[in-house]
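Engineer: Test case, fold it:
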Amino acid sequence: MSALLGPSTRRVVGNNIRRNARGYAVGRPEESTDPKKEIIRRTLYPSNLRNRPSPTGGWRHDAVSALQHAIPSVEAHETIDRAYLLHRRHVRKAREAELDRKFNCMKEAMEELADLEPHLYFEANKKEDLRERTPAEQEVAGKMKLTEQRALDARIRGLFPREMRVPTDTPSKNGWNYRWNPFPRPL
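Structural biologist: Okay, the predicted model is just below:
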């Protein structure tokens with residue numbers, strides 16, 4: 001390739017290669033003169049030499065003996081594991097039993113309501129389409145501005161009103177809007 005390029009072209013290409021290589025191939029010189037950085041580096045990235053224990057490192061020379069001291073045998077470990085699983089199963093069964101009890105009480109109360117007050121039972125179990133408008137709402141919506149109609153559509157009955165503002169410690173920069181009125185929502 002050098003035979004194809006002239007001396008001036010080789011010089012330009014060589015300088016460009018060296019200039020581009022400086023930013024990528026050559027690493028920054030290690031600045032380990034700062035003792036704070038050295039301490040942080042040693043703490044975060046300890047050496048895993050097997051001749052000394054490191055409380056923050058990945059290897060401890062006394063890990064096996066500590067484990068043997070805490071759990072003397074494989075059978076003891078399996079027994080502890082089974083006991084923990086048994087405890088979790090008892091907690092789960094108690095939770096399921098409590099939920100079944102509550103559901104049965106609610107079912108009995110609904111059956112009692114159906115026997116005593118059928119109209120209240122049907123009102124309590126009525127499926128309601130929250131997007132559906134009543135005739136009174138349709139009449140009011142016909143007289144509203146477009147923005148008020150959108151606010152009426154966005155507000156779902158039974159939920160917290162969206163036009164309500166978050167309470168703050170300081171008043172707004174614009175001051176109080178004395179002309180604002182909430183749109184009427186016939187129920």
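
Engineer: how about the helices in this protein?
Structural biologist: Assigned by DSSP state H, the helices in the chain fall at 7-24, 35-44, 63-70, 74-116, 118-124, 135-142, 146-154.

Engineer: Out of these, flag the one nearest residue 173.
Structural biologist: Residue 173 lies closest to helix 146-154 among these, at 21.8 Å (C-beta to C-beta). Glycine gets a C-beta too; all of them are placed from N, C-alpha and C.

Engineer: what's the average pLDDT for the closest one?
Structural biologist: For helix 146-154, the mean pLDDT works out to 78.

Engineer: counting contacts, what elements does that helix pack onto?
Structural biologist: On a contact count with 3 or more C-beta pairs under 8 Å, 6 or more residues apart in numbering; DSSP states H and E, helix 146-154 meets helix 135-142.

Engineer: Contacts for stretch 67-76, please.
Structural biologist: 77, 80 (C-beta atoms under 8 Å, 6 or more residues apart in numbering).

Engineer: Pull up the distance across that stretch, start to finish.
Structural biologist: End-to-end distance of stretch 67-76 (C-alpha to C-alpha, to the nearest Å): 12 Å.

Engineer: about what we covered before: Serialize the helices of the chain to a markdown table and add fields for distance to residue 172 and mean neighbour count.
Structural biologist: Formatted as a markdown table, these follow (distance: least, C-beta to C-beta, whole Å; neighbours: other C-beta atoms under 10 Å):
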| stretch | distance to residue 172 | mean neighbour count |
| --- | --- | --- |
| helix 7-24 | 51 | 10 |
| helix 35-44 | 46 | 10 |
| helix 63-70 | 61 | 10 |
| helix 74-116 | 45 | 10 |
| helix 118-124 | 42 | 11 |
| helix 135-142 | 29 | 12 |
| helix 146-154 | 19 | 12 |
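
Engineer: okay if I get the ones you listed as TSV plus distance to residue 175?
Structural biologist: Shown next, in TSV, are those (distance: least, C-beta to C-beta, whole Å):
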stretch	distance to residue 175
helix 7-24	56
helix 35-44	52
helix 63-70	67
helix 74-116	50
helix 118-124	45
helix 135-142	29
helix 146-154	21
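
Engineer: which of those has the lowest average pLDDT?
Structural biologist: Minimum mean pLDDT among these: helix 7-24, a mean of 53.

Engineer: Could you pull up the contacting residues of the residue lying closest to residue 125 once chain neighbours are set aside?
Structural biologist: Once flanking residues are discounted, residue 125 sits nearest to residue 110: 7.8 Å by C-beta to C-beta, 6 or more residues apart in numbering. By C-beta under 8 Å, 6+ apart, the contact set of residue 110 is 121, 124, 125.
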